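>>> When you get a sec, could you give me coordinates for this:
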Amino acid sequence: MRISLIVPLLALATLLTGCASSYITPAGRANFTAFTSSSMKESFEAKPAATFPAGIAAVRVQASAYRDFYTDHEGGVYGHGRYSVIFAKELEDDTMLERINKLPQVQGVTSLSRLLIPQNLDSDRELREAAARLKADMVLLYTFDTTFHDNDASAALNVISLGFFPDRKVSVYVNASALVIDTRTGFIYATLEANEKRQLISNVWESADSADRARVGAEKAALESLVGEFEKSWPKIVDRAHQGS
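Next up, the predicted model:
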């Protein structure tokens with residue numbers, strides 16, 4: 001009798017152990033205070049100096065020592081200090097750059113190379129110097145704050161167990177934000193923001209790969225909205241540059 005009970009219990013324990021994998025949610029956004037002057041005087045003294053048509057250097061930044069499921073497997077996180085630069089192109093595609101390229105008074109959009117950026121990253125200066133070497137008049141910095149929440153609870157989940165909750169409701173929230181900075185002076189032309197929220201269906205949690213595809217989908221949607229915000233703000237950015245010149 002005891003043996004007949006033990007065997008099924010062992011089988012169940014083996015099944016549960018084999019399925020007990022988890023998904024580690026992404027690290028945080030870059031702290032944009034690292035890219036702005038701490039001195040009020042310096043902030044007021046900074047002036048726009050871009051010439052038109054303007055070249056734009058786009059670069060994604062995240063928290064120091066950033067990690068997510070994709071970069072853990074494929075790499076693409078660079079630098080140490082107050083923030084990281086992300087070179088993994090898991091979200092960006094050519095159509096987004098083409099939308100910016102087609103705007104009036106835009107000469108072209110380029111991406112920064114790790115060959116131009118030092119390892120130690122403490123402010124916007126390292127990125128502006130890299131952009132200057134590419135003759136880009138402005139730097140478009142963007143970052144993502146992606147969090148997962150169980151049943152819309154306030155606390156964000158750092159680790160999500162996979163495979164055991166067909167009725168569990170987990171939502172992903174993405175806040176995408178950006179700064180448009182003058183390469184020469186550090187003058188901030190605009191701050192941009194876009195948000196995306198999705199409730200994820202239960203089969204997303206069958207594996208870490210499927211969970212991460214859901215993250216990427218939400219972040220791509222937020223990035224597309226952020227590009228839309230850039231398109232709407234571009235005429236005002238051009239006006240601010242002309243007024244300050």
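
>>> For the residue lying closest to residue 69 once chain neighbours are set aside, what are phi and psi?
By the measure of Cβ to Cβ, 6 or more residues apart in numbering, the closest residue to residue 69 outside its immediate chain neighbours is residue 212, 4.1 Å from it. Where you see a C-beta, it was placed from the backbone N, CA and C, and this is true even at glycine. Per-residue torsions, residue 212: phi -70, psi -30 (degrees, to the nearest 10).

>>> Please tell me how far residue 212 sits from residue 88.
Noted for residue 212: a distance of 12 Å to residue 88, by Cβ to Cβ, to the nearest Å.

>>> Which stretches in the protein count as helices?
Here the chain has its helices, by DSSP state H, at 2-19, 40-45, 69-74, 94-101, 125-133, 208-244.

>>> would you turn the ones you listed into a markdown table with distance to residue 27, mean neighbour count and mean pLDDT?
Listed next are the helices of the chain as a markdown table, based on distance: least, Cβ to Cβ, whole Å; neighbours: other Cβ atoms under 10 Å; pLDDT from 0 to 100:
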| stretch | distance to residue 27 | mean neighbour count | mean pLDDT |
| --- | --- | --- | --- |
| helix 2-19 | 26 | 9 | 41 |
| helix 40-45 | 28 | 10 | 59 |
| helix 69-74 | 9 | 15 | 90 |
| helix 94-101 | 23 | 14 | 89 |
| helix 125-133 | 19 | 19 | 96 |
| helix 208-244 | 12 | 17 | 94 |
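
>>> closest one to residue 145 among those?
Of all those, helix 208-244 sits nearest to residue 145, with 9.6 Å by Cβ to Cβ.

>>> Run through the neighbouring helices and strands of the closest one.
Applying 3 or more Cβ pairs under 8 Å, 6 or more residues apart in numbering; DSSP states H and E, we find helix 208-244 packed against strand 22-24, helix 69-74, helix 94-101, strand 138-150, strand 170-182, strand 188-200.

>>> The residue nearest to residue 69 contacts residue 71, correct?
No. Residue 212 is beyond contact range of residue 71, at 10.5 Å (criterion: Cβ atoms under 8 Å).

>>> May I see the helices and strands packed on helix 208-244 arranged in TSV, with distance to residue 116 as well?
Listed next are the helices and strands packed on helix 208-244 as TSV, based on distance: least, Cβ to Cβ, whole Å:
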stretch	distance to residue 116
strand 22-24	31
helix 69-74	20
helix 94-101	18
strand 138-150	12
strand 170-182	16
strand 188-200	22
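
>>> Can I get stretch 103-123 in PDB, CA atoms only?
Provided in PDB are the C-alpha atoms of stretch 103-123 (Å, rounded to 0.1, in the frame of the first residue of the first chain):
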ATOM      1  CA  LEU A 103      11.200  64.400 -41.500                       C
ATOM      2  CA  PRO A 104      12.100  67.800 -42.900                       C
ATOM      3  CA  GLN A 105      15.400  69.300 -41.800                       C
ATOM      4  CA  VAL A 106      16.800  65.800 -41.000                       C
ATOM      5  CA  GLN A 107      20.000  65.000 -42.700                       C
ATOM      6  CA  GLY A 108      20.200  61.400 -41.500                       C
ATOM      7  CA  VAL A 109      20.000  59.100 -38.500                       C
ATOM      8  CA  THR A 110      22.900  57.000 -37.400                       C
ATOM      9  CA  SER A 111      23.600  54.600 -34.500                       C
ATOM     10  CA  LEU A 112      26.600  55.100 -32.200                       C
ATOM     11  CA  SER A 113      29.300  52.400 -32.300                       C
ATOM     12  CA  ARG A 114      31.000  50.900 -29.300                       C
ATOM     13  CA  LEU A 115      34.300  51.700 -31.000                       C
ATOM     14  CA  LEU A 116      33.600  55.400 -30.300                       C
ATOM     15  CA  ILE A 117      32.400  55.100 -26.700                       C
ATOM     16  CA  PRO A 118      34.600  54.600 -23.600                       C
ATOM     17  CA  GLN A 119      33.900  51.800 -21.100                       C
ATOM     18  CA  ASN A 120      33.300  54.200 -18.200                       C
ATOM     19  CA  LEU A 121      30.000  56.000 -18.600                       C
ATOM     20  CA  ASP A 122      29.200  58.800 -16.200                       C
ATOM     21  CA  SER A 123      27.300  61.500 -18.100                       C
END
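
>>> Alright, calling it a day.
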